[in-house]
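J.: Pasting the sequence and the predicted coordinates here, then a few questions.
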Amino acid sequence: MNESTMVVAAVESNSQVGPPAMSSPPQALLERLKDYGQEDAFALWDELSLEERHLLVKDFESLDLPRIDRIIRCSLRSQGLPVAAIEPVPETCVSTVEERTMEERDRWWKMGLKAISDRKLAVLLLSGGQGTRLGSSDPKGCFNIGLPSGKSLFQLQAERILCVQRLAAQAKNEGAGSVQIHWYIMTSPFTDDATHKFFESHRYFGLEADQVTFFQQGTIPCISKDGKFIMETSFRIAKAPDGNGGVYSALKYSRLLEDMATRGIKYVDCYGVDNALVRVADPTFLGYFIDKGVAAAAKVVRKAYPQEKVGVFVRRGKGGPLTVVEYSELDPALASAINQQTGRLRFCWSNVCLHMFTLDFLNQVTNSLERDSIYHLAEKKIPSVHGYSTGLKLEQYIFDAFPYAPSTALFEVLRDEEFAPVKNANGSNFDTPDGARLLVLRLHSRWVVAAGGFLTHSVPLYTTGVEVSPLCSYAGENLEPICRGRTFHAPCEISF
């Protein structure tokens, strides 16, 4: 071959852009799919372009097929299996509001602040969801519920962390920067980039960038009722996030439990992003948790009425563990049953996704959940290559951990003080931004009046109120110097 021929050959070689030709599926991959009964995913191979073939192969090579097959088999097999009968939660497992003494509250508050000042607490935020039902494609935490300050849910929560850090430092007679609470934030593939950018553009709301760690929950293929993968397109598997209980496997595979141990963390406060009144890193709840010496705990509110669509804590089997039963699984007769001694519903303790775990328990339960591989199956309309198909999404829930806990305690809170869910767009019947905004304004108005302040208003007070910046007060404390003898015109924000 002369020199000119070699040059031409080189040019022709370099002009071949894109992936190499692939006339048939990789044999090794096809054999693996046959082992798991999923070879039908390649049925439309001959109709695919070269690029689409590579995308399909890449999609399957990204899957942990043995793990997903185990999850599918275990989850399908668990359906219809008999479960132990449920019993009400024993009264000894619950700290109720009316039975809680001021001495206990003060002691738990101080115990919690001490643990926080010793950097033993981390905060874990479940923030994988988009605000689709709120009419937004942004992460839910970016949502502004219409408070006078215009603050997002993320900012309200970040500022509550800042406030607790300051309170813990003051209790230890140290400078404000001496205490730091690490914030672990679980995103999803749909919210991760937007969440990062939101925090960066707001300079982490006053927190240090290195005290915030983002990590993503996983996704899992959607399946037909016989366990076959549903194809969203001819070259892409239909996938969905693995539920807020995906936090356990995400913590395990991202090695963040090891990161927590390295930081000296002993306790983890876990909550969902869509609660405008959440008391992040609550010292009283933490102190109660430490005092009880349990592996897991949950804040609960009383069920408002028997048919309220909330999950409730129950005991599974005589002497068995506490767990959560969804409202749809609770027999109407049981849901309406009254405890004759207390006058409450027998099954009254509602789960509101406000949990506390020891790090030791999180290490144990992540392994146990992975071993058992049982996911909830939700029948949904799944976008597929054949249009929308009825299929199954596989999810784990955050409360799936409780049956594994050797000991669990419940801590009652008042819903108008700590539970303002933001789930549905304004105009819906419940859990709207407007409803959450009013709950915040009414609570903070009570704080201001209790601290000696006065309110004026141009519209009925039940439609407005004042907002107290979390940087001023965490739970109504330390407001007298700001409010006593002063008049505030609602709506407004009270800040330093």
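T.: Structure received.

J.: Okay, now the unreliable bits of this protein?
T.: Scanning the chain with the threshold set as pLDDT under 70 gives 1-21.

J.: Strands along the stretch 51-200 of the chain, start to end?
T.: With DSSP state E, counting those that start in this stretch as the definition, the stretch 51-200 of the chain shows strands at residue ranges 86-87, 94-95, 121-126, 182-187.

J.: could you give the angle of the third one to strand 182-187?
T.: Angular relation of strand 121-126 and strand 182-187 on a 0 to 180 degree scale: 10 degrees, by axes from the mean of the first three to the mean of the last three C-alpha atoms, to 10 degrees.

J.: Switch the strands of the stretch 51-200 of the chain over to JSON lines; also include mean neighbour count and distance to Phe214.
T.: C-beta here means a position set from N, CA and C on the backbone, and glycine is covered the same way. Putting the strands of the stretch 51-200 of the chain into JSON lines (neighbours: other C-beta atoms under 10 Å; distance: least, C-beta to C-beta, whole Å) gives the following:
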{"stretch": "strand 86-87", "mean neighbour count": "18", "distance to Phe214": "37"}
{"stretch": "strand 94-95", "mean neighbour count": "18", "distance to Phe214": "33"}
{"stretch": "strand 121-126", "mean neighbour count": "24", "distance to Phe214": "10"}
{"stretch": "strand 182-187", "mean neighbour count": "23", "distance to Phe214": "5"}
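
J.: Out of the ones you listed, which gets nearest to Leu410?
T.: strand 94-95 (4.5 Å; C-beta to C-beta).

J.: helices and strands around the closest one, which ones?
T.: Contacts of strand 94-95 with other secondary structure elements, assessed using 3 or more C-beta pairs under 8 Å, 6 or more residues apart in numbering; DSSP states H and E, are made with strand 408-412.

J.: Tell me which other helices or strands the strand it packs on touches.
T.: Contact analysis of strand 408-412 by 3+ C-beta pairs under 8 Å, 6+ apart lists strand 94-95, helix 283-292, strand 296-302 as its packing neighbours.

J.: Which residues does that strand contact?
T.: Contact with strand 408-412 is made by 89, 93-97, 285, 288-289, 292, 294-302, 313, 321-322, 349, 402, as judged by C-beta atoms under 8 Å, 6 or more residues apart in numbering.

J.: circling back: closest one to Tyr253 among the helices and strands packed on strand 408-412?
T.: Across those, closest to Tyr253 is strand 296-302 (C-beta to C-beta), at 21.6 Å.

J.: Take the closest one, keep the C-alpha atoms, and write them as PDB.
T.: Output in PDB follows, covering the C-alpha atoms of strand 296-302 (Å, rounded to 0.1, in the frame of the first residue of the first chain):
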ATOM      1  CA  ALA A 296     -37.000   3.900  66.300                       C
ATOM      2  CA  ALA A 297     -39.600   6.500  67.000                       C
ATOM      3  CA  ALA A 298     -42.200   8.500  65.200                       C
ATOM      4  CA  LYS A 299     -44.200  11.600  65.800                       C
ATOM      5  CA  VAL A 300     -47.900  11.000  65.500                       C
ATOM      6  CA  VAL A 301     -51.100  13.000  65.400                       C
ATOM      7  CA  ARG A 302     -54.500  11.900  66.400                       C
END
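
J.: could you dump the helices and strands packed on strand 408-412 to a markdown table with distance to Gln211?
T.: Conversion of the helices and strands packed on strand 408-412 to a markdown table gives the following (distance: least, C-beta to C-beta, whole Å):
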| stretch | distance to Gln211 |
| --- | --- |
| strand 94-95 | 30 |
| helix 283-292 | 18 |
| strand 296-302 | 24 |
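
J.: Three-state assignment for Val278, please.
T.: What DSSP: H, G, I helix; E, B strand; the rest coil gives for Val278 is coil.

J.: Need phi/psi at the closest residue to it other than its chain neighbours.
T.: Nearest residue to Val278 in three dimensions, chain neighbours excluded: Tyr271, at 5.3 Å (C-beta to C-beta, 6 or more residues apart in numbering). Phi and psi for Tyr271, reported as degrees, to the nearest 10, are phi -150, psi 170.

J.: Pull up the gap between Tyr271 and Ala250, please.
T.: When C-beta to C-beta, to the nearest Å is applied, the distance between Tyr271 and Ala250 equals 16 Å.

J.: For whichever strand or helix holds Gly391, which helices and strands make contact with it?
T.: Assigned by DSSP states H and E, Gly391 belongs to strand 387-395. With contacts defined as 3+ C-beta pairs under 8 Å, 6+ apart, strand 387-395 has these neighbours: helix 65-78, strand 239-241, strand 376-384.

J.: Which other helices and strands does the first one contact?
T.: Going back to what we said before, that points to helix 65-78. Contacting helix 65-78 under the criterion 3+ C-beta pairs under 8 Å, 6+ apart are the following elements: strand 219-221, strand 376-384, strand 387-395.

J.: Can you point out the buried residues in the last one?
T.: Taking 16 or more other C-beta atoms under 10 Å as the neighbour-count basis, strand 387-395 is seen to contain the buried residues 389, 391-395.

J.: State the separation between the strand holding Gly391 and the centre of the chain it belongs to.
T.: When C-alpha coordinates are averaged (C-alpha atoms, centre = their mean, to the nearest Å), strand 387-395 and its chain have centres 22 Å apart.

J.: what angle do that strand and helix 65-78 make?
T.: Note on geometry: by the same axes, to 10 degrees, strand 387-395 and helix 65-78 are set 90 degrees apart in direction.

J.: orientation of strand 387-395 relative to strand 376-384 in degrees?
T.: An angle of 150 degrees separates the directions of strand 387-395 and strand 376-384 when computed by the same axes, to 10 degrees.

J.: Can you tell me which of the helices and strands packed on strand 387-395 is most buried?
T.: Among these, judged by mean count of other C-beta atoms under 10 Å, the one packed with the most neighbours on average is strand 239-241 (a mean of 19).

J.: Give me the sheet partners of that one and which way each runs.
T.: Strand 239-241 has the following strand partners under DSSP bridges: strand 219-221 (antiparallel).

J.: rewinding a little: in CSV, list the helices and strands packed on strand 387-395 along with distance to Thr101.
T.: As requested, those are arranged in CSV below (distance: least, C-beta to C-beta, whole Å):
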stretch, distance to Thr101
helix 65-78, 43
strand 239-241, 43
strand 376-384, 39
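
J.: out of those, nearest to Ala451?
T.: Across the helices and strands packed on strand 387-395 (criterion: C-beta to C-beta), the nearest stretch is strand 239-241, sitting at 42.7 Å.

J.: Following element in sequence after the closest one, please.
T.: Tracing the chain past strand 239-241, the next element assigned as helix or strand by DSSP H and E is helix 247-253.

J.: so the residue nearest to the spatial centre of the chain bridges to which residues?
T.: When the chain is reduced to its mean C-alpha position, the nearest residue by C-alpha atoms, centre = their mean turns out to be Leu126, at 2.5 Å. According to DSSP bridges, the partner residues bridging Leu126 are Met186, Gly272.

J.: coming back round to it: which stretch among the strands of the stretch 51-200 of the chain approaches Ser78 most closely?
T.: Of all the strands of the stretch 51-200 of the chain, strand 86-87 sits nearest to Ser78, with 17.2 Å by C-beta to C-beta.
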